[in-house]
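Trainee: Test case, fold it:
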Amino acid sequence: MGTPLGDAELVALRRTRLFGATGTVLMAIGALGAGARPVVQDPTFGVRLLNLPSRIQTVSLTMTTTGAVMMALAWLMLGRFALGERRMTRSQLDRTLVLWILPLLVAPPMYSKDVYSYLAQSQIAHNGQDPYRVGPAPGLGLDHVFTLSVPSLWRETPAPYGPLFLWIGSGISELTGENIVAAVLCHRLLVLLGVALIVWATPRLARRCGVAEVSALWLGAANPLLVMHLVAGIHNEALMLGLMLAGVEFALRGIDSSRRLLPRPLLPLGARWGPAAMLVLGAVLITMSSQVKLPSLLALGFVAMALGHRWGSTVKAFFLASGGLGLLSLGVMAVIGWASGLGFGWLSTLGTANVVRSWMSPPTLLALGTGQVGILLGLGDHTTAVLSLTRSIGVLIIMVVVTWLLLAVFRGRLHPVGGLGVALGATVLLFPVVQPWYLLWAIIPLAAWATRPGFRIAAIGGTLVVGIFGPTANGDRFALFQIIDATLASTVIVLLLIAITYHRLPWRALPHGATSSTPANSRNGPTDAYAESP
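Mentor: Below you'll find the model as predicted:
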C-alpha cells in the first residue's frame, strides 16, 4: 500500500488531470476536420460552426496532434502519482480516466475507418447474407451508405471478425437501421462496455499478482493507446480484451478456490459448485472474447495450464484440464455460431488483414527491406516471396514461444497472467500485421503482472512512439505538407505549453519536504509547491 498524496501533490494531480482533459477536448474538436467522418450523413455538413474545422484541415490536424501529445504528457505526469511510494487512490484515477474519455464520446471516429467496415459487415449479416463470403461492395452495393465510408482496400473483402461481434453488430443494425451516426455511437457504447470490463478486471488481476492496483490501471487502462485508439478510434479490441481479462479473473478465482474443482458430497452446495461455476464462467467469457477476435483464445490455454498445475502437473492433469476446457470452448463456439446463424465461416477469413504490409511488423519490415535491396542490386523484386518466408518463420517462432510459456505455467514456474501477457506480446511482435492498438493486447495483462522498471520503460516508450508519432494522419487523407506543417506547429505549441506550465505542473519531482500534509497546510489550504518553486 502506498502513502496517500499530500496537499501539494493533490493540487498537482488536479492540474495534471485538467491538462490531459484539455488535450482530449482539442482532439475532439480537431476530429471534426481531421477525423474519419462519414462520406454521407455527416451531421456537421452545412452547420457553420461545426463544419468550420473541415475547411481548415491543417489546423484541425494540428489540434488533434497537439491534443494527443498533451494527453500523453499528462499520462506521463500522472505516473508520478501511480508508481511511487505516495500514490493516488483508485477513485482519483477512475475520475481522471472518465474525465479524459468524456470529450471523445461524441467526437467523430479518429485514426481509423474500421468502424465503417463494422457497420457494413454487420448490415450484411442482418440482411441474411454471409459476411464471411461477401464484402461490403458485393453484399450491399457500392452506393450503400455504409459502403461509401469503407476504405477502398476493404470494400471487396469478407469480415475477419468473429460471429459474436457480427451478431451484436447485426442487433445494432436492427436498432439503428441505416442511420450511420446512431450506429457509430452504438459501437462506441460497445467499446465503453469493453473498457469498463478492463477497468474492473485489471486491478483484480494485479492483486492476484502482487502488483499495486493503481500502478496496473495507470499503465493499462489509462494508457493513451486505449484512449486514442479504442475509445476515439472505436476498435473492437476493447470488447475482446474486456471479456478476456474478466474471463481470466473468474477462471483463476475458481482455480484458487479449490484444489480439485470437483463436487464433494460432504460439502455444502455452494462450496461444492462455486469454484467450478467460476471456472466455467471464466472459460465461457474467454471463448466469447475469441468470437470477437481469435487471438484472445490464448488465455484459455493459460487457464488450462494453471488448472493442470493445480491438479498436480501430471500428464493426466494436463489432458483433463486442456481437454475439458477445450470441449467447453468448442461447445460455446458452436452455440454462438448456431444462434447467430454465422457458423464457423470466420475460420476461412482469419488471414484477410494480411494484405496490409505493416511496417510495425518485424517479419513484414524485414521482407520489405530485403525486397528493396534486391531491386537496388538489380536482382528483381522478390518482396512477395520473401514476405511469405519471413511471415511463416514469425508464426513458427510464435508457436515455439507460446508452447514454452504454457509449459512454464503448467509446471508452476510462471504465473498464468504473466505467461498470457508475454505470449500476446510475442504474437503482436511477430504477427504478419501489427496496428498501434495491438500493443494493448500485451501491455494490459503485463501491467497487472510485471513490476520491473525495464518493462515499464519499454511499455511507456512503445506507447509514446507508436501511439503518437506513428499514426499522425487519421481517417481522411492528408498531403505530406499538411502533415509536416501540423507536426511542426504542434511541436512549437507543446514546447510553449511546457514552458508556461513548468512551475505549475509536475514536469519534475516535487521539492523535498513539500509533499507532506500537515495540520497547518490543512488549515491554510493546499500548498502550491509549483508556483513557489524557483
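Trainee: can you tell me how far S257 sits from G274?
Mentor: S257 sits 7 Å away from G274, going by Cβ to Cβ, to the nearest Å. (Each C-beta comes from the backbone N, C-alpha and C, glycine too.)
Trainee: Run through the residues that contact the residue most central in space within the chain.
Mentor: In the chain, the C-alpha closest to the average C-alpha coordinate belongs to L440, at a distance of 4.3 Å (Cα atoms, centre = their mean). Counting by Cβ atoms under 8 Å, 6 or more residues apart in numbering, L440 makes contact with 220, 223, 225-226, 229-230, 237, 241.
Trainee: tell me the mean pLDDT for stretch 180-197?
Mentor: Stretch 180-197 comes out with an average pLDDT of 94.
Trainee: neighbours of L424, just the number please.
Mentor: Residues lying near L424 (other Cβ atoms under 10 Å) number 26.
Trainee: Pretty sure it sits against I443.
Mentor: No - counting by Cβ atoms under 8 Å, L424 stays clear of I443, with 9.1 Å between them.
Trainee: for this structure, longest helix please?
Mentor: For the chain, the helix that runs over the most residues, judged by DSSP state H, is helix 180-209.
Trainee: Tell me which residues of that one come out buried.
Mentor: For helix 180-209, burial by neighbour count (16 or more other Cβ atoms under 10 Å) applies to 180, 183-188, 190-192, 194-195, 197-199, 201-206, 208-209.
Trainee: Measure how far it is from the centre of its chain, please.
Mentor: 9 Å (Cα atoms, centre = their mean, to the nearest Å).
Trainee: same thing with stretch 288-303?
Mentor: For stretch 288-303, the distance to the chain centre is 15 Å (Cα atoms, centre = their mean).
Trainee: now swap in stretch 66-86 and tell me
Mentor: On Cα atoms, centre = their mean, the centre of stretch 66-86 falls 18 Å from the chain's centre.
Trainee: just stretch 132-147 next, same as before
Mentor: 28 Å.
Trainee: That stretch: end-to-end distance?
Mentor: 16 Å (Cα to Cα, to the nearest Å).
Trainee: In that stretch, which residues are buried?
Mentor: 132, 134-137, 139-140, 144-147.
Trainee: Just the residues contacting it, thanks.
Mentor: Contacts of stretch 132-147 (Cβ under 8 Å, 6+ apart): 38, 40-41, 116-117, 119-121, 123-124, 127, 129, 131, 148, 150, 154-159, 178, 180, 342, 345-346, 348-349.
Trainee: ok, of those residues, which come out buried?
Mentor: Judged by 16+ other Cβ under 10 Å, buried ones among these: 38, 41, 116-117, 119-121, 123-124, 131, 148, 150, 154-155, 157-159, 180, 342, 346, 349.
Trainee: tell me what the helix or strand that contains T491 is packed against?
Mentor: T491 belongs to helix 480-500 when assigned by DSSP states H and E. Applying 3 or more Cβ pairs under 8 Å, 6 or more residues apart in numbering; DSSP states H and E, one finds that helix 480-500 contacts helix 57-78.
Trainee: chain center to the helix it packs on, what's the gap?
Mentor: On the basis of Cα atoms, centre = their mean, helix 57-78 sits 19 Å off its chain's mean C-alpha point.
Trainee: Kindly report the same for stretch 336-350.
Mentor: 24 Å.
Trainee: Checking A36 next. Helix, strand or coil?
Mentor: Judged by DSSP: H, G, I helix; E, B strand; the rest coil, the three-state class of A36 is coil.
Trainee: just checking, it touches K113?
Mentor: Yes - using Cβ under 8 Å, A36 is in contact with K113, at 4.5 Å.
Trainee: right, and A12 touches P506 too?
Mentor: Yes - using Cβ under 8 Å, A12 makes contact with P506 at a distance of 4.5 Å.
Trainee: Please say which of those two ends up with more neighbours.
Mentor: It is A12, of A12 and P506, that has more neighbours when counted by other Cβ under 10 Å, with 27 against 23.
Trainee: Relative to T349, how far out is that one?
Mentor: 50 Å.
Trainee: Tell me which of the contacts of stretch 132-147 fall in helices.
Mentor: Counting by DSSP H, the contacts of stretch 132-147 contribute 116-117, 119-121, 123-124, 180 to helices.
Trainee: Could I get those in TSV, plus columns for distance to S215?
Mentor: Listed next are the ones in helices among the contacts of stretch 132-147 as TSV, based on distance: Cβ to Cβ, whole Å:
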residue	distance to S215
Y116	37
S117	36
L119	37
A120	40
Q121	38
Q123	42
I124	43
I180	40
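Trainee: what about the helices in the stretch 151-300 of the chain?
Mentor: For the stretch 151-300 of the chain, helices defined by DSSP state H, counting those that start in this stretch occupy the ranges 163-176, 180-209, 213-219, 224-225, 237-257, 269-290, 298-310.
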